[in-house]
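Participant: I would like the atomic coordinates for the input below:
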Amino acid sequence: MPRPTRQETDLHGALLIDKPAGPTSHDIVDIIRGQYGIKKVGHCGTLDPAATGLLILLLGKATKLSQKLTADHKVYEGSMEFGITTDSYDAQGAITCRTNIPPLDCIKLNTLAQGFTGDIQQKPPMVSAVKKNGVPLYKLARKGKIIKREAKPVHIFSFKFSDYTQPVGKFRVHCSKGTYVRSLAHELGEKLTCGAHLRTLHRADSGDFNIKDAMKLEDLLELPDEELTARVITLLELTRILQPK
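Facilitator: Predicted structure coming up:
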């Protein structure tokens, strides 16, 4: 039985959630809205269903801060697999090509990764929520259509591999909003001429917020109503955090 709807004045602030693999970011919003009866809930920065890690939810009047928080830079940790290319640039897509992998190690990978740092132009994957004439690209991709995508500017602060055990490399990337890490994996694979796709992705940071302060979704859903408030970063605190440094 759903809980009674709270008054809108009850909760205004942010919840830091450690998103599990599986649900979409919008699914998490719907779960929290339904579980706690909060009318206004939004999120800052979409994570793909298979991705895990930090998802910032905004409650009540704090939703007006969505644009500012979404604009923050992000830090991701993940892995990419070389020798296999997919249509979505990640492990959830259909395999489009298999290629032999040249000799690789972290030194070579980091030399190539350095070439992706700074201001770069990046094309979104065909399987993405970017819209063309009002239609999300992923819907066109499902119909077998490949549409020309315009590159957009993003900034990569750092991109480094910490381990390589063929065929998988583990990496950490610090990037601006709107960066498709899937596209980084795909483009790095193209540089190596063997192809690559994103295997796993975990968001560790978003602006001033870190995954260590987030709560696992399953644990949050077990909290009694009276304990939820203690997990909410207040609107006043959010406003303080967003002040120019």
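Participant: any idea which residue sits dead centre in the protein?
Facilitator: For the chain, the residue nearest the mean C-alpha position is Leu47 (3.4 Å; Cα atoms, centre = their mean).
Participant: ok but it is inside a strand, no?
Facilitator: No: counting by DSSP: H, G, I helix; E, B strand; the rest coil, Leu47 falls outside a strand, being coil.
Participant: Can you report phi and psi for it?
Facilitator: Dihedral pair for Leu47: phi -110, psi 140, per degrees, to the nearest 10.
Participant: How about Phe161?
Facilitator: Dihedral pair for Phe161: phi -90, psi 140, per degrees, to the nearest 10.
Participant: From what I see, the residue nearest to the centre of the chain and His26 are in contact.
Facilitator: No: here Leu47 does not reach His26: they are 10.5 Å apart, not a contact under Cβ atoms under 8 Å. C-betas here are computed from N, CA, C, even on glycine.
Participant: partners of Asp119 in the sheet?
Facilitator: Beta-bridge pairing for Asp119 (DSSP bridges): His155.
Participant: so it makes contact with Pro153?
Facilitator: Yes: assessed by Cβ under 8 Å, Asp119 is found in contact with Pro153 at 6.1 Å.
Participant: any idea how far the closest residue to Thr229 other than its chain neighbours is from Glu237?
Facilitator: Leaving aside its sequence neighbours, Thr229 sits nearest to Leu11 (Cβ to Cβ, 6 or more residues apart in numbering; 6.9 Å). Per Cβ to Cβ, to the nearest Å, Leu11 is found 13 Å from Glu237.
Participant: How about Arg203?
Facilitator: Taking Cβ to Cβ, one finds Arg203 at 21 Å from Glu237.
Participant: roughly how far apart are the residue nearest to the centre of the chain and Ala21?
Facilitator: Computed with Cβ to Cβ, the distance linking Leu47 and Ala21 is 9 Å.
Participant: who's more crowded, Leu11 and Glu237?
Facilitator: The neighbour comparison of Leu11 against Glu237 (other Cβ atoms under 10 Å) goes to Leu11, with 23 against 12.
Participant: That one touches Leu59, doesn't it?
Facilitator: Yes: counting by Cβ under 8 Å, Leu11 does reach Leu59; the two are 4.8 Å apart.
Participant: shared neighbours of these two, anything?
Facilitator: In the contact map built from Cβ atoms under 8 Å, 6 or more residues apart in numbering, the residues linked to both Leu11 and Leu59 are Ile38, Val232.
Participant: what's the domain layout of this protein?
Facilitator: 13-71+209-241, 74-205 (automatic domain parsing).
Participant: follow-up on the earlier one: what sits against the residue nearest to the centre of the chain?
Facilitator: Under the criterion of Cβ under 8 Å, 6+ apart, the neighbours of Leu47 are Lys19, Ser25, Gly53, Leu55, Leu201, Arg203.
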